[in-house]
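Enquirer: have a look at this prediction, sequence included:
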Amino acid sequence: MPTRGKGPMRTPSDSDSALVGKGLHWRRALWLLTLGSLLIAPFLLTSAAQTQTGCPGESALFHPCAVARAKTFRPPRTVDGRPNMQGFWRGPASGTENVEEHPMTDDDNGGKSLIVDPADGKIPYQPWAAALQKENRAKYVEPNVPCFPSGVPRSMYVPTQIEILQSPVSVLILFERAHTYRIIPTSVRPHVGANIGLWMGDSRGRWEGSTLVVDVTNHSAKTWFDQVGNFHSTDAHMVERFTLVDSDTIHYQVNIVDPTVYTRPWTMAFPLRRNKEKGFRLLEEACHEGERNTDPLIRAGQRIYPGVAEKK
């Protein structure tokens, strides 16, 4: 049958039929390709996520997985032969709400416990300290609100970026939040005097194989672990462990001993994930400048948290 179009009418030829057949073939091929992409995409995404994260994010699952992976992973090295942890990292933001498991509310996003020991994910408070923790949020201004340093270990999981830099004699951790930083000497030197209390504690590092071990003392105890008032005293002694378990994940552990406040030592563990955004740099968070949230809280009857130096 004649076909209509622009120009003179003509009759389809064998070549036209061949072109039509080729068109159907390519449309069919395109359809199959699209369908195949849709079917395989979830597997590709799962594979990419597994490659990037390696272990689950929940601390109770991440911790044993990371311990196992660290035994076989061979980390990249700096020029002086140490594991190269340099770059931008971020911890689990839910911890700054509450280091214990907590539900989603109007104020909180919710999250699993960061505590891996004890196995119940709870801080092993002495009775007097458990009662004080319940009072803290109502009585005191949350220490991060006035832009005070977050302390150790909270600075590792506040919801901002951190940067790790290394030299042969020290590790420097820069925090996007509130101009804070940590200089961790890795050469042998004593802690500062016992009568000195510091917001970020006094850190002394050493390398144990592929793990950076940091001994932290001299806490001012004016920081909280989170927004719900979980706390420690000036007697707290913390030991952090930083271990690369793949190119983009640091297994961070901190063991906390404080006989003034707790019935036993306890441990948090969680992943620090690498930020691989091209061209990323830390931004200045000018927290102190123009801070307006503290005064209304003080007028409402709350006070600046004084810290705990002895059993109440």
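Expert: Perfect, I can see it now. Numbering: from 1, shown residues only.
Enquirer: where does the stretch 51-200 of the chain have low pLDDT?
Expert: Within the stretch 51-200 of the chain, the stretches with pLDDT under 70 are 51-53.
Enquirer: so what strands line up beside the strand or helix carrying Q166?
Expert: Using DSSP states H and E, Q166 falls within strand 162-167. Strand 162-167 has its sheet partners listed here by DSSP bridges as strand 87-90 (antiparallel), strand 170-175 (antiparallel).
Enquirer: strands along the stretch 151-300 of the chain, start to end?
Expert: 162-167, 170-175, 181-185, 202-208, 211-217, 237-246, 249-257, 266-274 (DSSP state E, counting those that start in this stretch).
Enquirer: could you dump those to CSV with distance to G121?
Expert: Glycine gets a C-beta too; all of them are placed from N, C-alpha and C. Compiled in CSV, these are given as follows (distance: least, CB to CB, whole Å):
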stretch, distance to G121
strand 162-167, 24
strand 170-175, 26
strand 181-185, 27
strand 202-208, 26
strand 211-217, 22
strand 237-246, 18
strand 249-257, 14
strand 266-274, 10
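Enquirer: dump those strands to CSV, plus mean neighbour count and distance to L61.
Expert: Formatted as CSV, the strands of the stretch 151-300 of the chain follow (neighbours: other CB atoms under 10 Å; distance: least, CB to CB, whole Å):
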stretch, mean neighbour count, distance to L61
strand 162-167, 18, 23
strand 170-175, 18, 26
strand 181-185, 17, 28
strand 202-208, 17, 25
strand 211-217, 20, 20
strand 237-246, 21, 13
strand 249-257, 21, 13
strand 266-274, 22, 10
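Enquirer: which one of those lies closest to F73?
Expert: With CB to CB as the criterion, F73 lies closest to strand 237-246 of those, at 5.6 Å.
Enquirer: give me every residue that touches the residue nearest to the spatial centre of the chain.
Expert: Centroid-nearest residue in the chain: G91, 0.4 Å away (criterion: CA atoms, centre = their mean). Counting by CB atoms under 8 Å, 6 or more residues apart in numbering, G91 touches 156-158, 162, 252, 270-272.
Enquirer: show me which of these is closest to M238.
Expert: Distances from M238 to the contacts of G91, taken by CB to CB, are shortest for M156, at 11.0 Å.
Enquirer: quick one: that closest one from W128, how far?
Expert: The gap separating M156 from W128 is 28 Å, by CB to CB, to the nearest Å.
Enquirer: would you list every one of the helices in the chain?
Expert: Assigned by DSSP state H, the chain shows helices spanning 14-53, 59-70, 127-139, 294-299.
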